[in-house]
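Novice: how would this look folded up:
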Amino acid sequence: LRKDTAIRVAAPNVTISGFTITDCRVAITIVNYAGEQYPSGCKIVNNNIINNSEGIRPRANNVLISANNMSNCGTGISGYDVKSIVITGNNITENVYGINIGQSNYITVAENNISNNEGGLNMIYYGQYSVHGNNFTKNSWAIRFAEGCRNASVYGNNISENGIAVWLLTFPVGGEMAISGEGNTFFGNLLIGNNQQISTHEIQYANINITGNKGTDKVAWDN
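Specialist: Presented below is the predicted three-dimensional model:
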């Protein structure tokens with residue numbers, strides 16, 4: 001049975017550094033107390049986060065996540081409803097998801113080592129996303145443009161020896177369900193030795209038979 005949350009930050013301008021955190025449901029989360037603004041200006045740097053259900057959950061704005069080691073977690077970094085998050089210089093290995101970001105704006109993922117995960121980087125609704133200078137190696141899939149991913153610029157990355165380099169997720173659309181994303185660009189990347197460079201296939205919903213219209217995020221390819 002995993003413990004709950006190791007470190008919960010609800011104040012602005014806090015730096016978390018030098019910890020080793022294991023066997024928790026969430027290692028580090030930045031959240032607000034009810035009715036208060038989300039804290040901003042926090043830094044999570046130089047920590048070892050190992051064997052947690054979730055590593056870092058930045059439920060806040062203007063957060064730096066840098067130089068951390070995250071391994072054997074369900075998700076290394078899981079961000080939802082956040083803004084202005086910089087994820088740089090981290091070693092993210094052997095997780096189910098390396099980085100899973102959704103319903104967020106102005107996210108930078110730069111110069112990380114993202115390897116040996118089931119999924120490397122999953123981008124959902126909104127954007128902008130800037131993904132550059134990363135090494136994606138030996139993941140089952142490296143980068144996924146998922147439901148409603150918009151305005152993602154993916155450039156200058158090394159994407160090698162993955163099962164799938166880039167997955168364009170196909171999903172049901174219509175009514176209150178997901179919509180296809182637009183404004184995404186993919187350019188100047190190295191794709192080397194992947195089993196499949198680009199894939200479009202449908203997400204599977206357990207025990208649900210979904211019929212009707214389906215959509216895939218639109219991506220412009222160059223260089």
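Novice: CA atoms for contacts and neighbours, from now on please.
Specialist: Will do.
Novice: residues of the lowest-mean-pLDDT helix or strand in the chain that come out buried?
Specialist: Using mean pLDDT, DSSP states H and E, strand 214-216 stands out as the lowest-scoring helix or strand of the chain, at a mean of 77. Neighbour-count burial for strand 214-216 flags 215-216 (criterion: 16 or more other CA atoms under 10 Å).
Novice: neighbouring contacts of that strand?
Specialist: 147, 168-173, 179-181, 200 (CA atoms under 8 Å, 6 or more residues apart in numbering).
Novice: Off-centre distance for it?
Specialist: Its chain's C-alpha centre lies 21 Å from the corresponding centre of strand 214-216 when counted by CA atoms, centre = their mean, to the nearest Å.
Novice: Within its sheet, name the partner strands of that strand and how each one runs.
Specialist: Using DSSP bridges, the strands paired with strand 214-216 are strand 164-172 (antiparallel).
Novice: got the contact list for the partner strand?
Specialist: Under the contact criterion CA under 8 Å, 6+ apart, strand 164-172 has outside partners 139-147, 159, 178, 191, 194-203, 210-217.
Novice: Just the buried positions in the helix or strand just after that strand, please.
Specialist: Of the helices and strands lying after strand 164-172 in sequence (DSSP states H and E), the nearest is strand 184-187. Within strand 184-187, the residues scored as buried using 16+ other CA under 10 Å are 184-186.
Novice: Met123 and Arg144 touch, don't they?
Specialist: Yes - using CA atoms under 8 Å, Met123 is in contact with Arg144, at 6.3 Å.
Novice: how close does Ile92 sit to Thr200?
Specialist: 25 Å (CA to CA, to the nearest Å).
Novice: So for these two, which residue has more residues nearby?
Specialist: Each of Ile92 and Thr200 has its neighbours counted (other CA atoms under 10 Å); Ile92 has more, 28 against 14.
Novice: Run through the bridge partners of that one.
Specialist: Met70, Ile114.
Novice: No further queries at this time; thank you.
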